[in-house]
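Trainee: Fold the following, please.
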Amino acid sequence: MDLWRNKEFSICTNKDYLDINVIHSYLSEEAYWSKGIPMENVKKSIKNSSLCFGVYKGEVGQEGSVQIGFARVISDFSSFAYLCDVFILPNFQKQGLAKWLMDIMINHQELTSVRRFMLATKDAHSLYVKYGFEPINNPEFFMQLVRKQPYQE
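Mentor: Coordinates of the predicted model:
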């Protein structure tokens, strides 16, 4: 388990400390990319992700600690990594926590030698460019399969 502390906040990679209800609530109700996502999909995505980073107010695992942010990385730890589901709850934004989280993820020992690190964002380009992310070279090489509204029946 990796653990980082910064004043009254902590970040941890131990999935056992994640508050699935907080994560599901944000992803299903507030995040533009996953509105309506079922709880089971959130649980499955966390279980099958290479690394999950929980951001906490207080010392993770200690009484009174609450989860206030999250990010996960899907990776083979060698040639490819995909960053997704990054958020800091609204009441804790504008405190540098997203930047701190990005610093930790980009410099994580398992991810520093990954050849291609990707993400998708509609509105946070200015955050990610500070960490070396840039528009895709040769976007014509990339393809995708997007299932429209996969969480609605």
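
Trainee: hmm, who's touching the helix or strand bottoming out on mean pLDDT in the chain?
Mentor: Lowest by mean pLDDT, DSSP states H and E among the helices and strands of the chain is helix 125-129, with a mean of 91. Residues outside helix 125-129 that contact it (C-beta atoms under 8 Å, 6 or more residues apart in numbering) are 98-99, 102, 119, 121. Quick note: C-beta positions are derived from backbone N, CA and C, even for glycine.

Trainee: all strands for the protein, in order.
Mentor: With DSSP state E, the ranges of strands along the chain come out as 3-6, 9-12, 51-57, 66-75, 80-88, 116-119.

Trainee: Just checking: what are the partner strands of the second one?
Mentor: Which is strand 9-12. In the sheet, strand 9-12 lines up against strand 3-6 (antiparallel), strand 51-57 (antiparallel) (DSSP bridges).

Trainee: And for the longest one?
Mentor: Within its sheet, and counting by DSSP bridges, strand 66-75 is paired with strand 51-57 (antiparallel), strand 80-88 (antiparallel).

Trainee: Okay, now the unreliable bits of the protein?
Mentor: For the chain, residues meeting the criterion pLDDT under 70 lie at 152-153.

Trainee: list the contacts for the spatially most central residue of the chain?
Mentor: Central residue of the chain (C-alpha atoms, centre = their mean): Ala71, 1.5 Å from the mean position. Contacts for Ala71 were tallied using C-beta under 8 Å, 6+ apart; they are 52-53, 55, 83-87, 101, 105.
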